[in-house]
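Enquirer: With the sequence up front, the predicted model follows.
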Amino acid sequence: MGDLLLYQMDPYSIGEIVITFNPMLGVVVNPKTKVYDKKNFSVFYHELGGTVFVYKLCEPPIEIIYGAQNTLEGSRMAEKEFIIGFALTAAHTVINPVSKQFRLWRLQARSLNSEIKINLMPIKNMCIEFPDELLTSEGIKYMLPGDLCILAIISTKALNLKEIPRASCTGIEDCYTIGVPSIPRNSPRNFYPYTDNDLIAYNELNRIFFGGGKLIKSYGSVIACNELIQFTCSAMCGMSGSPIISKKGLIGVLVGGPVLPGQRELLLCSELVFNGKYTEAWEKLGQLSSLNTEYDKPIFQKLVTKKEIRLMFAELITSICDSLPSDLLNESLLNFTHFSLEQAKSEVIRTILDCSYRCLRYGKKKENYSNTGISVESAIFRRIDEIVNQFIEQCQGRVEFKNIFALRDI
């Protein structure tokens with residue numbers, strides 16, 4: 001694994017899982033995966049814990065012009081830097097999905113099989129650029145609309161990188177995804193939800209993904225394709241952002257796991273809490289109880305009956321207004337003294353987001369589970385092409401460092 005050990009597991013994974021049943025064929029399947037040990041010049045693992053791949057190369061490269069204020073102690077760069085292309089990943093691997101803010105302004109990525117390292121600059125968060133809801137073939141909303149990010153690939157020298165040719169998704173067809181899984185020791189059943197035993201789940205994940213930390217090729221098939229691609233390749237945290245490839249070429253980007261009722265609403269509740277709209281968030285959580293019938297346990301009911309969460313909501317609400325919702329009137333704030341308001345806010349958001357994993361674990365229709373990608377034929381990709389092509393045209397081979405971020409305004 002080398003310095004991959006220094007890279008962290010994606011803390012905002014949106015539930016990629018092992019697939020053990022093909023809903024189109026109605027048969028049990030043994031997840032088909034293998035270690036990809038060929039030279040690789042397209043797919044990289046970035047330091048925030050996700051997979052990223054080369055989407056478009058710049059010919060010729062775009063030279064970055066640094067002013068004195070952009071360099072260490074005003075000195076000139078020792079070597080010239082260039083934007084040599086653009087890469088894509090799942091946005092949630094480089095942003096906080098609640099605040100929508102980038103977690104780093106510059107990050108490193110490496111190819112496990114070719115020892116190529118690249119610098120990446122996240123420059124366009126499509127969650128903000130394209131917030132339209134993404135729906136499955138069953139009409140269920142994907143948790144994070146626009147879940148893609150454009151990154152500039154920056155280098156001081158020419159690199160032997162390769163684009164993955166694009167292709168149209170014809171519907172039901174074989175495909176594979178290629179990325180770098182991380183095997184979590186905590187809550188492995190979030191990714192292998194077919195057993196009640198954590199040790200069995202952990203061992204199965206290690207078996208299927210060869211211990212993690214390697215470039216893995218995972219095979220399956222597309223079962224539905226529109227703006228979202230639903231497909232049966234098994235995947236894990238760390239593989240968010242992996243390309244989905246058919247025999248003809250790139251058809252999409254892996255972004256998440258099964259899309260289940262209530263997941264989208266959980267993220268919206270988290271955003272309301274983050275923005276200080278505590279009463280609205282509490283009311284919305286209460287409404288989710290109607291979806292408990294979709295699950296083996298009343299997972300949403302527990303969000304509004306757990307004593308600690310009720311107390312934290314009561315404290316948050318009373319910090320901004322004098323009145324509590326009627327169903328919180330009996331909560332005694334005297335029992336709640338060990339969290340500050342900011343700690344309470346963070347803990348509430350964490351608890352709400354953790355419930356999205358409980359959706360995976362306790363869903364009643366595991367035989368219909370599939371992982372989820374965004375199709376290259378979606379409106380989001382058309383906008384990505386417009387952004388990248390317009391930026392390249394405007395630069396004319398050179399761009400001031402301070403103007404790179406103007407890409408966000410295109």
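Expert: The structure has been received and is ready for your questions. Numbers count the residues shown, from 1 in each chain.
Enquirer: From Tyr194, how far out is Pro122?
Expert: Relative to Tyr194, Pro122 is positioned 35 Å away (Cβ to Cβ, to the nearest Å). Every C-beta, even on glycine, is put in place using the N, C-alpha and C of the backbone.
Enquirer: Compare neighbour counts for these two and give me the winner.
Expert: Pro122 (24 against 15; other Cβ atoms under 10 Å).
Enquirer: just checking, that one is part of a helix?
Expert: No: assessed with DSSP: H, G, I helix; E, B strand; the rest coil, Pro122 is strand; it does not lie in a helix.
Enquirer: Who does it form a beta bridge with?
Expert: Beta-bridge partners recorded for Pro122 (DSSP bridges): Leu151.
Enquirer: I'd assumed Gln101 was in contact with it.
Expert: No: Pro122 sits out of contact with Gln101 when judged by Cβ atoms under 8 Å, with a separation of 10.5 Å.
Enquirer: any shared contact partners between these two?
Expert: Ile95 (Cβ atoms under 8 Å, 6 or more residues apart in numbering).
Enquirer: Can you tell me the centre-most residue of this structure?
Expert: His92 (3.6 Å; Cα atoms, centre = their mean).
Enquirer: ok so that residue is a helix residue?
Expert: Yes: according to three-state DSSP, His92 belongs to a helix.
Enquirer: could I have the strand or helix carrying Ala344 exported to PDB, CA atoms only?
Expert: Ala344 belongs to helix 341-362 when assigned by DSSP states H and E. Included here for helix 341-362 are C-alpha records, laid out as PDB according to Å, rounded to 0.1, in the frame of the first residue of the first chain:
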ATOM      1  CA  LEU A 341     -24.100  24.500  21.300                       C
ATOM      2  CA  GLU A 342     -21.600  23.900  18.600                       C
ATOM      3  CA  GLN A 343     -21.000  20.400  19.900                       C
ATOM      4  CA  ALA A 344     -24.700  19.700  20.000                       C
ATOM      5  CA  LYS A 345     -25.100  21.000  16.500                       C
ATOM      6  CA  SER A 346     -22.300  18.700  15.200                       C
ATOM      7  CA  GLU A 347     -23.600  15.700  17.100                       C
ATOM      8  CA  VAL A 348     -27.100  16.100  15.800                       C
ATOM      9  CA  ILE A 349     -25.800  16.300  12.200                       C
ATOM     10  CA  ARG A 350     -23.600  13.300  12.700                       C
ATOM     11  CA  THR A 351     -26.500  11.300  14.100                       C
ATOM     12  CA  ILE A 352     -28.800  12.200  11.300                       C
ATOM     13  CA  LEU A 353     -26.200  11.300   8.600                       C
ATOM     14  CA  ASP A 354     -25.400   8.000  10.300                       C
ATOM     15  CA  CYS A 355     -29.100   7.100   9.800                       C
ATOM     16  CA  SER A 356     -28.400   6.900   6.100                       C
ATOM     17  CA  TYR A 357     -26.200   3.800   6.800                       C
ATOM     18  CA  ARG A 358     -29.000   2.300   8.900                       C
ATOM     19  CA  CYS A 359     -31.200   2.600   5.800                       C
ATOM     20  CA  LEU A 360     -28.800   0.300   4.000                       C
ATOM     21  CA  ARG A 361     -28.500  -2.100   6.900                       C
ATOM     22  CA  TYR A 362     -32.300  -2.500   7.500                       C
END
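Enquirer: in its sheet, what does the next helix or strand after that helix sit against?
Expert: Note on helix 341-362: by DSSP H and E, the next helix or strand toward the C-terminus is strand 371-375. Using DSSP bridges, the strands paired with strand 371-375 are strand 228-231 (antiparallel), strand 250-256 (antiparallel).
Enquirer: Which among these is found nearest to Thr51?
Expert: Nearest of the strands paired with strand 371-375 to Thr51, taken as Cβ to Cβ: strand 250-256 at 7.7 Å.
Enquirer: packing partners for the next helix-or-strand element following that closest one?
Expert: Using DSSP H and E, the helix or strand that follows strand 250-256 in sequence is helix 263-274. With contacts defined as 3 or more Cβ pairs under 8 Å, 6 or more residues apart in numbering; DSSP states H and E, the packing partners of helix 263-274 are helix 278-287, helix 341-362.
Enquirer: which residue sits closest to Asp174, ignoring its sequence neighbours?
Expert: Residue nearest to Asp174 in three dimensions, not counting chain neighbours: Ser221, with 5.1 Å by Cβ to Cβ, 6 or more residues apart in numbering.
Enquirer: give the contact list for that neighbour.
Expert: 22, 24, 172-175, 231-232.
Enquirer: Let me have these in TSV, adding distance to Cys149 as columns.
Expert: Below are these laid out as TSV (distance: Cβ to Cβ, whole Å):
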residue	distance to Cys149
Asn22	31
Met24	31
Ile172	29
Glu173	27
Asp174	28
Cys175	22
Phe231	21
Thr232	25
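Enquirer: just to revisit the earlier point, with mean pLDDT added, can I get the strands paired with strand 371-375 in CSV?
Expert: Shown next, in CSV, are those (pLDDT from 0 to 100):
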stretch, mean pLDDT
strand 228-231, 96
strand 250-256, 97
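Enquirer: right, so of these, which gets closest to Asn186?
Expert: Of all the strands paired with strand 371-375, strand 250-256 sits nearest to Asn186, with 19.4 Å by Cβ to Cβ.
Enquirer: what pairs with the strand or helix carrying Glu63, and is each one parallel or antiparallel?
Expert: Applying DSSP H and E as the criterion places Glu63 in strand 50-65. When pairing is defined by DSSP bridges, strand 50-65 lines up against strand 43-46 (antiparallel), strand 81-89 (antiparallel), strand 398-400 (parallel).
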